[in-house]
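Trainee: Got a predicted model here, sequence first, then my questions.
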Amino acid sequence: MNEYQLIAAFVIGIIILFLLLDIVNKIKLKQQIKSDWGKLPRHSSKDSEESLLKAYGFRKKDQDVLIDDLTWHDLDMFEVFKRINLTYSSIGSEELYHYLRGYNLTTTQLDELETLITYFKEHPDTRETVSYRFARLGKKSFNYAQAYLNQETTNPFKHLNLYTFLGILPIISLLSAIVIGAPGLIIAISSLCVNTVLYLIKKGQLEIELSAMNYLVQGLSLSNYLGKLDTPLKEAINQNNQTFKPVLKVAFAFRTKSGSESEMFIEMLSAAFLLPFISFGIVSKKVQKDHEKALALWELMGQLEVAIAVLNLRTVYGEYWCHPTFGDNGVTAEEVIHPLLQEPVPNPIHWQQSTLITGSNASGKSTYVRAVAINILFAQTLNTCLATSFQLQPGHVISSMGVQDSVIDGDSYFIAELKSLYRLIEVVETNTFCYCFIDEILKGTNTIERIAASSSILSWLTKQNQLAFVATHDIELPQILGKDCANIHFEETVSKEDGISFDYLLKEGVATSRNAINLIDSMNFPSSIITDSLKKAQFFDENRHWKA
């Protein structure tokens, strides 16, 4: 075997090795998708909330209800998002985030989502194929595709004709070399060098833009394949992707992403002819012209992954989930649980009037309030509730729970509370039906004014035909609002030997146990503190004022 044959064999061997590695990676990816099914998702670092929020910020807010940041953080919704997010691309995770941040008060979107979920449940092979294709696309933090889709960017390659001329100049020069000889060859080599240097300079300056276009082109290319699958969205996908098929043929420079040696060679060749810049200009111009179709296509693809993620959520919880039913008069549900708890205790909901929840710290009040709020959101965004039955009236969800003071804004805790509550009142004043969730209302001020103002706020909400869910330690509120509010509570058991224990089971009425002093006693505080505390509490019960 001569040296040329050895070189040829070596090149062929390298190509075969790359092909084999690619096949092995594809097999591993398909196995991973099978393994992931029916389990809580593994969170990807490429789905940071900062990245998702950035993409969400570019989108048009066309839903009836938008979940504001305070409510989102009060309910730990990003942690909830991570428990649902079985998506394999940024298209899917961004769409799921969008779903959870807002919803319409009609059920049209829910009906469309349920159609997709039912399809994937009945066609598991297609579900795995769709997930595999999205996994090949992958996730990319801050991909900025939404910026291009929503026309929030400018085309950095406006002088497309110039880049096109520079790109074809080497070819023209090589052809002219046949006629004019060496000068043509010199011009060709010089232009290739100039183009390569220009590419490297511009690539460094426009790294974010080129990366964004890379992901956008790959996503649009994926729609061609998804349009061939017989999903309920097939017709809509094909209607929107037809306009982009011609430009995608010249955008092959953006379709590589694995970083292999062969792709590095292709990139060098593309750079010499400025193909990425030319492709960028053409695709960007087309996306700007038909941005509504591009945006619709992106959302349709995202909906495929959202449906799969919701179906997986239902699979994880087995029989312990239900479809919500919509009607009037608040919420009625059975065996509702919180999605973030490893061993949740199910509780019912019978919420037809504003309700006060009493009980000691750690007895389950706040967790229950959050479980109710999250499931109301689930019902209106994902058509899925973690309960055995769930009937509700469509409405806004807004909370005032995790209030904190702000050093930056110069707000005290009480001022922050007032701002949080006032935004709730502003929504109510729009004559929109709201579910209002409040934890320890106005606890940042003195007892007398807290009770007076809290009872007045809750009474006002009730007169506006709103539903408030309020967790409180103030035993005076149930007395003042006896006719306006229902009362439920959680209890605990305290003993010197076993300390404190909770059953986390909801009970009717106002909490009657007052175990704070007993709990202090169980922690072995000095006996004189316990005796003095009991005497003072007894005096107040008998006289309704404190002994000086």
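Mentor: It's in.
Trainee: Once you drop chain neighbours, what's closest to Trp460?
Mentor: With sequence-adjacent residues excluded and distances taken as CB to CB, 6 or more residues apart in numbering, Trp460 is closest to Ile425, at 8.0 Å. In short, each C-beta sits where N, CA and C put it, glycine included.
Trainee: Confirm that that neighbour sits in a helix.
Mentor: Yes: Ile425: assigned to a helix according to DSSP: H, G, I helix; E, B strand; the rest coil.
Trainee: Count residues in the vicinity of it, would you?
Mentor: Using other CB atoms under 10 Å, Ile425 has 16 neighbouring residues.
Trainee: what's the answer for the one 5 residues further on, then?
Mentor: By other CB under 10 Å, the residues close to Thr430 number 8.
Trainee: again, but for the one 4 residues further on
Mentor: Other residues within reach of Cys434, judged by other CB under 10 Å, total 21.
Trainee: Tyr132 versus the closest residue to it other than its chain neighbours, what's the distance?
Mentor: The shortest distance from Cys434 to any residue other than its chain neighbours is 4.4 Å, reached at His396 (CB to CB, 6+ apart). For His396, the distance to Tyr132 equals 39 Å [CB to CB, to the nearest Å].
Trainee: Using the three-state scheme, assign the residue most central in space within the chain.
Mentor: In the chain, the C-alpha nearest the mean C-alpha coordinate belongs to Tyr97, at 2.4 Å (CA atoms, centre = their mean). Here Tyr97 is helix, with the state taken from three-state DSSP.
Trainee: returning to what we had before: so between His396 and Tyr132, which is more surrounded?
Mentor: More neighbours surround His396 than the other of His396 and Tyr132, with 24 against 16 (other CB under 10 Å).
Trainee: Contacts only, for that one.
Mentor: Going by CB atoms under 8 Å, 6 or more residues apart in numbering, His396 touches Val65, Val427, Thr432, Phe433, Cys434, Tyr435.
Trainee: What of Glu508?
Mentor: When contacts are counted by CB under 8 Å, 6+ apart, Glu508 is found next to Asn487, Ile488, His489.
Trainee: Centre of the chain to the helix or strand containing the first one, how far?
Mentor: This points to Asn487. Assigned by DSSP states H and E, Asn487 belongs to strand 486-489. Counting by CA atoms, centre = their mean, to the nearest Å, strand 486-489 is centred 33 Å from the centre of its parent chain.
Trainee: Now do it: which elements does it pack against?
Mentor: When contacts are defined as 3 or more CB pairs under 8 Å, 6 or more residues apart in numbering; DSSP states H and E, strand 486-489 sits against strand 355-358, strand 507-508.
Trainee: Next SSE downstream of that strand?
Mentor: With elements assigned by DSSP H and E, the helix or strand that comes after strand 486-489 is strand 492-495.
Trainee: In that following strand, which residues are buried?
Mentor: Buried residues in strand 492-495, counted by 16 or more other CB atoms under 10 Å: Glu492, Val494.
Trainee: quick one: pLDDT of Thr196?
Mentor: Note for Thr196: predicted pLDDT of 80.
Trainee: Then the one 10 residues further on?
Mentor: Residue-level confidence at Leu206 comes out at 75, pLDDT.
Trainee: Return the entry from the contacts of Glu508 with the maximum number of neighbours.
Mentor: Highest neighbour count within the contacts of Glu508, by other CB under 10 Å: Ile488, with 24 neighbours.
Trainee: in what helix or strand does Arg338 lie?
Mentor: Quick fix: residue 338 reads His, not Arg. His338 belongs to no helix or strand, assigned by DSSP H and E.
Trainee: Now it: closest residue in space that isn't a chain neighbour?
Mentor: His338 sits nearest to Ala371 (CB to CB, 6+ apart), 3.9 Å away.
Trainee: quick one: the nearest residue to Leu248 once chain neighbours are set aside and Glu299, what's the gap?
Mentor: Distances taken as CB to CB, 6+ apart place Ser221 nearest to Leu248, at 5.6 Å, with adjacent residues excluded. Using CB to CB, one obtains 17 Å as the distance from Ser221 to Glu299.
Trainee: Any idea how many residues pack against the closest residue to Glu49 other than its chain neighbours?
Mentor: What sits nearest to Glu49 in space, not counting adjacent residues and going by CB to CB, 6+ apart, is Phe78, at 4.9 Å. Residues near Phe78, counting by other CB under 10 Å, number 18.
Trainee: In terms of helices and strands, where is Phe78?
Mentor: Using DSSP H and E, Phe78 maps to helix 77-84.
Trainee: what comes up buried for the strand or helix carrying Ile189?
Mentor: Ile189 is part of helix 182-205 when elements are defined by DSSP H and E. Within helix 182-205, the residues that qualify as buried are Gly184, Ile187, Ala188, Ser191, Leu192, Asn195, Tyr199, Lys202, counting by 16+ other CB under 10 Å.
Trainee: what's the farthest-apart pair in the residues you listed?
Mentor: Gly184 and Lys202 (26.3 Å; CB to CB).
Trainee: pLDDT weak spots in the stretch 151-300 of the chain?
Mentor: 155, 157-158, 204, 251-267 (pLDDT under 70).
Trainee: quick one: the strands in the stretch 51-200 of the chain?
Mentor: Under the criterion DSSP state E, counting those that start in this stretch, strands of the stretch 51-200 of the chain are mapped to 65-66, 102-103.
Trainee: just those strands: most buried one?
Mentor: Among the strands of the stretch 51-200 of the chain, the stretch with the highest mean neighbour count (mean count of other CB atoms under 10 Å) is strand 102-103, at a mean of 20.
Trainee: I'd like the distance from that strand to the chain centre, please.
Mentor: Offset of strand 102-103 from its chain centre (CA atoms, centre = their mean): 12 Å.
Trainee: who does that strand pair up with?
Mentor: In the sheet, strand 102-103 lines up against strand 65-66 (antiparallel) (DSSP bridges).
Trainee: Contact partners for Thr447?
Mentor: Thr447 makes contacts with Asp474, as judged by CB under 8 Å, 6+ apart.
Trainee: same deal with the one 4 residues further on?
Mentor: Each residue near Ile451 by CB under 8 Å, 6+ apart is listed here: Asp474, Glu476, Leu477, Ile480.
Trainee: among those, who's most crowded?
Mentor: Leu477 (22 neighbours).
Trainee: Quick check: pLDDT value at that one.
Mentor: Reported pLDDT for Leu477: 85.
Trainee: Start at 264, not 1
Mentor: Right, with 264 as the first residue, what we last looked at is Leu740.
Trainee: ok, it - contacts?
Mentor: Leu740 touches Leu619, Ile714, Ser717, Ser718, Leu721, Val733, Cys748, counting by CB under 8 Å, 6+ apart.
Trainee: List just the nearest of the residues you listed to Lys384.
Mentor: Closest approach between the contacts of Leu740 and Lys384, by CB to CB: Val733, at 39.3 Å.
Trainee: List the buried residues of the strand or helix carrying that closest one.
Mentor: Here Val733 sits within strand 730-734, counting by DSSP H and E. Neighbour counts over strand 730-734 (16+ other CB under 10 Å) mark Leu730, Ala731, Phe732, Val733, Ala734 as buried.
Trainee: how many other residues sit next to Leu284?
Mentor: 12.
Trainee: Now name the helix or strand holding it.
Mentor: Using DSSP H and E, Leu284 sits within helix 266-299.
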